[in-house]
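Visitor: Can you look at this prediction? I've put the sequence above it.
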Amino acid sequence: MRDFALLIDVWYRQNKRNLPWRDTQNAYHIWLSEVILQQTRVDQGKNYYLKFIKNFPTIKDLALAPEDEVLKLWQGLGYYSRARNLHTAAKQILSNHDGHFPSNYSDIRQLKGVGDYTAAAIASFAFDLPHAVVDGNVFRVLSRYYNEDTPIDTTLGKKLFTEYANNLINKKDPASFNQAIMELGALVCTPKKAVCNTCPLNDSCQGLRANRVYELPVKSKKTKTRNRFFHYIYSEQNILLQKRTQKDIWENMYEFPLVEVEKQLTPSATKNVIEKTLGLIIEPSPIAEYKHILSHQHIFATFWKLKLNKPMDTSNYIQCNHSDLAEYAIPRLIDRFLEQVNSSSF
DNA sequence: TTCCTGCGCG
DNA sequence: CGCGCAGGAA
């Protein structure tokens, strides 16, 4: 339909939300907001965006900051590789582009952490270039609009939907088109409870006509998860920390001394394993247990308290008190435990 | 409690 | 193509 762009444009002007990164052409700000919003909802991302702008007013400020500081600001958002990549990209911009954000698609696309979606978003929002964004919202809107069954998580699907979007895009105002189609997906053409009766496209939507709205979009793969069992040692006086340097979850973030085991054992057997592995003596029963869910893992975490009645070798660890602890980037799991510790009596 | 959403990298 | 995080909805 030729009306597509016009219809959503009219709708967008009347229904757009006011967001801090809208109505700016500052490429740095747009980039930052897009990276934050990559796997995060607007409500959760807003404050992080404002924090980052405040702490790092320019790309150079971000590039020259220590990684620990960037991760600390990102703490709680998840997918921490985004923060590490953001930092790397800032350095790329500083050294390769003299601190000025690149203004063409291919240079933007080369930045670490910037894929097809984010490159198109920045190119259109900051530089008015005609690159259609294809994110989760766009997949949903277009799969329904065209009643298109091709799975979106395949190379073919990605190519097809990108073609659809680039054919529909308004070349006169690509930025508004991109904003409009995503906003429609976020507010009207939602995964559940879509409000088709107020949708500007409901006359021509093939998915609605076929009553297949909730069957779309189609995905081919289902995600598999594995279980992991973490045992953390907490010492309330003199907190022990270590940095996760492995290629694993939470890379470069901090946590308590950890023993990971293959499967759940009895408490006393577990205690033996922990003490043997770490050379630390702990209290006989755990003080807290959590199930922490990640995209591909279920982590069963148990927290044990360090027994402080005899000296032991803690030189492998960073030692700090509660106020120092606030300087370290820690995963949500550890943070959640600390919230409980600080609010109750241990 | 369980289910679901979200983009880029190696 | 498997993996990375957290939180809101059902």
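Guide: Okay, I see it.

Visitor: Point to the residue nearest the middle of chain A.
Guide: A:Q39 (3.8 Å; C-alpha atoms, centre = their mean).

Visitor: my read is A:Y328 is in a helix, agree?
Guide: No - counting by DSSP: H, G, I helix; E, B strand; the rest coil, one finds A:Y328 to be coil, located in no helix.

Visitor: Excluding sequence neighbours, find me the nearest residue to it.
Guide: Counting by C-beta to C-beta, 6 or more residues apart in numbering, A:Y328 lies nearest to A:Y254, which is 4.2 Å off, once chain neighbours are set aside. For every residue, glycine as well, the C-beta is placed using N, CA and C.

Visitor: Give the full set of residues in contact with the one you found.
Guide: By C-beta atoms under 8 Å, 6 or more residues apart in numbering, the contact set of A:Y254 is A:241-244, A:318, A:328-330, A:334.

Visitor: 6 Å instead, please
Guide: For A:Y254, the contact set (C-beta atoms under 6 Å, 6 or more residues apart in numbering) comprises A:241, A:243, A:328, A:330.

Visitor: Show me the beta-bridge partners of it.
Guide: A:K243 (DSSP bridges).

Visitor: per-residue confidence at it?
Guide: pLDDT for A:Y254: 93.

Visitor: Can you get me a residue count around A:D9?
Guide: Applying other C-beta atoms under 10 Å, we find 17 residues neighbouring A:D9.

Visitor: Just confirm it is within a helix.
Guide: Yes - per three-state DSSP, A:D9 lies within a helix segment.

Visitor: Enumerate the residues of the stretch 101-250 of chain A near DNA strand B.
Guide: Within the stretch 101-250 of chain A, the positions near DNA strand B by C-beta under 7 Å from any atom of the strand are A:112-119, A:135-137, A:139-140, A:185, A:191, A:223.

Visitor: hey, where'd the strands end up in chain A?
Guide: A:226-234, A:239-243, A:254-255, A:258-261, A:288-293, A:297-305, A:318-320 (DSSP state E).

Visitor: if we can go back for a sec, what's the most distant pair in the residues of the stretch 101-250 of chain A next to DNA strand B?
Guide: By the measure C-beta to C-beta, A:K112 and A:P191 form the most distant pair in these, at 29.9 Å.

Visitor: thinking again about what came up before, return the members of the residues of the stretch 101-250 of chain A next to DNA strand B classed as buried.
Guide: Neighbour-count burial within these applies to A:113-114, A:116-119, A:135, A:137, A:139-140, A:185; the criterion is 16 or more other C-beta atoms under 10 Å.

Visitor: check whether stretch A:301-316 contacts DNA strand B.
Guide: No - if you take C-beta under 7 Å from any atom of the strand as the test, stretch A:301-316 misses DNA strand B, and the best it gets is 13.8 Å.

Visitor: Next: stretch A:319-339.
Guide: No - using C-beta under 7 Å from any atom of the strand, stretch A:319-339 never reaches DNA strand B; the gap is at least 11.6 Å.

Visitor: Quick one: end-to-end distance for that stretch.
Guide: 19 Å (C-alpha to C-alpha, to the nearest Å).

Visitor: what residues does that stretch touch?
Guide: With contacts defined as C-beta under 6 Å, 6+ apart, stretch A:319-339 is touched by A:71-72, A:75-76, A:238-239, A:250, A:253-255, A:288, A:292, A:301, A:303.
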